[in-house]
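# Predicted model and sequence follow; I will ask about them next.
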Amino acid sequence: QVQLVESGGGLVQPGGSLRLTCVASGSIFSIRAMGWYRQAPGKQRELVAAITSDGSSHYADSVKGRFTISRISRDNAKNTVALQMNSLKPEDTAVYYCNADLFDTNYDPMNSWGQGTQVTVSS
């Protein structure tokens with residue numbers, strides 16, 4: 001079993017910053033990629049940023065230059081990824097979900113989601 005736990009959401013004014021973290025733990029053999037998605041009310045869930053095991057990162061056009069994704073820990077017991085969000089805009093308001101694409105300890109591929117954390121950008 002794999003668990004993803006997000007933290008760091010909250011309320012921030014336009015132009016402010018927030019840092020989200022996600023810890024993946026459990027029956028993990030290796031992680032191929034981790035990423036952040038978001039879903040605003042009435043909209044589909046969309047990819048915000050992702051980072052692969054070799055350190056390659058990908059960003060949605062709407063967040064390029066403002067958001068940075070990074071791997072904090074590669075320890076097999078706890079894999080941690082962070083999303084630094086700067087120059088936040090009201091349109092960044094959404095529930096942010098962590099996602100991991102991995103192999104479990106049975107060497108089976110898995111895709112796992114966190115429970116989500118609310119980010120609200122408002123004055």
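Now that the structure is in, tell me what you want to look at.
# from here on, contacts and neighbour counts on C-alpha atoms
Fine.
# List the buried residues of stretch 3-19.
Burial within stretch 3-19, assessed by neighbour count using 16 or more other Cα atoms under 10 Å, is assigned to Q3, L4, V5, E6, S7, G9, V12, P14, S17, L18, R19.
# Now do the SS call for E91.
Going by DSSP: H, G, I helix; E, B strand; the rest coil, the secondary structure assigned to E91 is helix.
# which residues does it contact?
Contact partners of E91, counting by Cα atoms under 8 Å, 6 or more residues apart in numbering, are V121.
# ok, it to V63 distance?
If you measure E91 against V63 using Cα to Cα, to the nearest Å, the figure is 11 Å.
# residues contacting the nearest residue to G114 once chain neighbours are set aside?
Excluding the flanking residues, the one nearest G114 by Cα to Cα, 6 or more residues apart in numbering is L4, at 4.6 Å. By Cα under 8 Å, 6+ apart, the residues touching L4 are C22, V23, A24, S25, C98, N99, A100, S112, W113, G114, Q115.
# Could you give the bridge partners of Q118?
In this entry, Q118 is beta-bridged to V95, by DSSP bridges.
# now swap in I51 and tell me
Going by DSSP bridges, I51 forms beta bridges with M34, S57.
# Kindly report the same for E6.
Here E6 sits in beta bridges with C22, going by DSSP bridges.
# That one and G114 touch, don't they?
Yes: using Cα atoms under 8 Å, E6 is in contact with G114, at 6.5 Å.
# intersection of neighbour lists for these two?
By the contact definition Cα under 8 Å, 6+ apart, E6 and G114 are jointly contacted by Y97, C98.
# Nearest residue to V81 in space, please, no chain neighbours.
R71 is the one closest to V81 (Cα to Cα, 6+ apart), at 4.5 Å.
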